[in-house]
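Enquirer: no FASTA, just this:
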């Protein structure tokens, strides 16, 4: 029992000492189920709940966002428990080639981030202000750069840096592609299109072919068709009575006159109408 | 005489079928041209709207098939060579136009929705643009994203991977349009604006809209080109029988 309690006491003490320094925590990214976790110029971080556990009335939590060269610049410029100037590197000129490559922005008062709460949306976006002009505004980061973050605990009464976390990151921002790079030409022809085109072209060609064959058969084929060419005598019904003169034949059946031309020659036709 | 009568009955029957099929083709093409899904701006702005041009041609050729086939029934019953020849020539001309319509629709569909690149590039270029085309594209995409519950062409990542007109104008306020956010069923307001803007996957739509757009445009295309193709095959068969009938007429 004694050893148990002793071990418990020692572990609690060590945790309290470590927590008091705020060094076991660093800025963390929002979880991976946030699609906007890292974009080309913004990052979504977890808010600093229960990061700084010391009592510091009126203190504020600030964030420093730095490129890889800016981290060294910032480390050289500040120390814990020493005064800090909040306009060290104003945002509008922070990322020029000759500048310090970091900027400071205010997250919120320490009292807003207590330990024993379960906030509903404990995330905030670095870069939420867009392209802004304030000295400490939450402006967008350079596109596609590599950034690191650090939370700072600042006492605004005398502008001293009370505490700060480790560097979180480095996080690689994604590069932004231009939509002009998308190739929107023809990708591939579908099978349906090929089938329809070929079958319809073949059908049109076949129709034309059959049409011309039909015209040839019907126009040129009838002349030597299957007409009867039997030549024989043909009886032309004649209903003349005896009193008529031989020259007129008013009672000939006219329907057979065309047949007479087709089916008989002059030799088979009666030459003389007179039969004595 | 029996064979010719049999052929006449065949010609009359097939022409009646083709007249009905042509009228149905005209009706289906009217459905395509009316564009009930309101996706015309996606093809119109890109200049590749031949699916709808094919539909317009099919309206007229379908109705022309209907009228000419009725004339063909009349010509077959009259057993007149001259009328049958006129019928065959007119049908052949309409056949040419209808096959042009079917081929055009099927070919143009591949340009539009063969893959998602054209739709995605058009969305990135014209969404939130203030030009006429931009307004049309914006309205169309807003409708699609809210009704079909999707975001972007292949997914919401399109809005953060690529530079776009929307990003330049409104990118600081929200990574993607609010049409991508889930809405409450009671009053259709956005359920959780802050989560949606940050991209939490439960408060926004994560699937892409391209699949829906492709399925609708394909549906239009198959209505014009595959149904037109089947009508043309029926008409082809009818015309061959009619030509045989023509040769048997005195």
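Expert: That came in fine, so what should we check first? Treat the numbers as computed from the prediction; the structure is a model and nothing was measured.
Enquirer: wait, residue B:149 sits on residue B:204?
Expert: No. Between residue B:149 and residue B:204 there is no contact under Cβ atoms under 8 Å: 9.7 Å. The way it works is simple: take the backbone N, C-alpha and C, and place the C-beta from them, glycine included.
Enquirer: who has more neighbours out of the two?
Expert: residue B:204 (26 against 17; other Cβ atoms under 10 Å in any protein chain shown).
Enquirer: what about the nearest residue to the more buried one once chain neighbours are set aside, how many neighbours?
Expert: Distance criterion Cβ to Cβ, 6 or more residues apart in numbering or on different chains; nearest residue to residue B:204, sequence neighbours excluded, is residue B:196 at 4.7 Å. Close neighbours of residue B:196, defined as other Cβ under 10 Å, add up to 26.
Enquirer: ok, residue A:178 next?
Expert: With other Cβ under 10 Å as criterion, residue A:178 counts 10.
Enquirer: and for the one 4 residues further on?
Expert: For residue A:182, the number of neighbouring residues by other Cβ under 10 Å comes to 18.
Enquirer: ok, and the closest non-adjacent residue to it?
Expert: Residue A:182's closest residue in space is residue B:121 (Cβ to Cβ, 6+ apart), at 4.3 Å.
Enquirer: now residue A:130
Expert: residue B:172 (3.0 Å).
Enquirer: isn't the one you found up against residue A:125?
Expert: No. The pair residue B:172 / residue A:125 is not scored as a contact, 10.0 Å apart, by Cβ under 8 Å.
Enquirer: quick one: common contacting residues for the two?
Expert: Shared contacts of residue B:172 and residue A:125, defined by Cβ atoms under 8 Å, 6 or more residues apart in numbering or on different chains, are absent.
Enquirer: next, count neighbours for residue 163.
Expert: Defaulting to chain A. Neighbour tally, residue A:163, other Cβ under 10 Å: 22.
Enquirer: meant chain B, my bad for not saying
Expert: 18.
Enquirer: give me the phi and psi for it.
Expert: For residue B:163, the backbone dihedrals (degrees, to the nearest 10) come out as phi -70, psi 140.
Enquirer: over to the one 5 residues further on?
Expert: Here the main-chain torsion angles of residue B:168 (degrees, to the nearest 10) amount to phi -70, psi -30.
Enquirer: tell me the predicted confidence for it.
Expert: Residue B:168 is assigned 91 on the pLDDT scale.
Enquirer: where is the longest helix in chain A?
Expert: Identified as the longest helix of chain A according to DSSP state H is helix A:191-220.
Enquirer: the residue lying closest to residue B:248 once chain neighbours are set aside: what secondary structure?
Expert: Closest residue to residue B:248 apart from its sequence neighbours, by Cβ to Cβ, 6+ apart: residue B:4 at 5.1 Å. At residue B:4 the chain is in helix, as set by DSSP: H, G, I helix; E, B strand; the rest coil.
Enquirer: next one: residue B:4 from residue B:245, what distance?
Expert: 7 Å (Cβ to Cβ, to the nearest Å).
Enquirer: more neighbours: the two, which one.
Expert: Set residue B:4 next to residue B:245 and count neighbours by other Cβ under 10 Å: residue B:245 wins out with 24 against 13.
Enquirer: identify the residues contacting the more buried one.
Expert: Going by Cβ under 8 Å, 6+ apart, residue B:245 touches B:4, B:7, B:8, B:10, B:11, B:76, B:84.
Enquirer: residue 154 sits in which helix or strand?
Expert: All of this is about chain A. Assessed by DSSP states H and E, residue A:154 sits inside strand A:146-155.
Enquirer: so after that strand, what's the next helix or strand?
Expert: Per DSSP H and E, the first helix or strand lying C-terminal to strand A:146-155 is strand A:160-164.
Enquirer: now do that following strand: distance to the chain's middle.
Expert: Relative to its parent chain, strand A:160-164 has a centroid offset of 47 Å by Cα atoms, centre = their mean, to the nearest Å.
Enquirer: same deal with stretch B:10-27?
Expert: Worked out by Cα atoms, centre = their mean, stretch B:10-27 lies 22 Å from the chain centre.
Enquirer: what sits up against it?
Expert: So stretch B:10-27 is contacted by B:58-66, B:69-70, B:72-73, B:76-77, B:98, B:227-228, B:230-231, B:234-235, B:237-238, B:241-242, B:245 (Cβ under 8 Å, 6+ apart).
Enquirer: may I see the buried residues of the strand or helix carrying the residue nearest to residue B:204?
Expert: Using DSSP H and E, residue B:196 maps to helix B:193-198. Residues B:195, B:196, B:197, B:198 are the ones in helix B:193-198 that count as buried (16 or more other Cβ atoms under 10 Å in any protein chain shown).
Enquirer: one more: stretch A:97-105?
Expert: Those would be A:100, A:101, A:102, A:103, A:104, A:105, for stretch A:97-105 by 16+ other Cβ under 10 Å.
Enquirer: out of those, which one sits closest to residue A:162?
Expert: residue A:104 (14.7 Å; Cβ to Cβ).
Enquirer: quick one: secondary structure of the closest one?
Expert: Residue A:104 - assigned by three-state DSSP - is strand.
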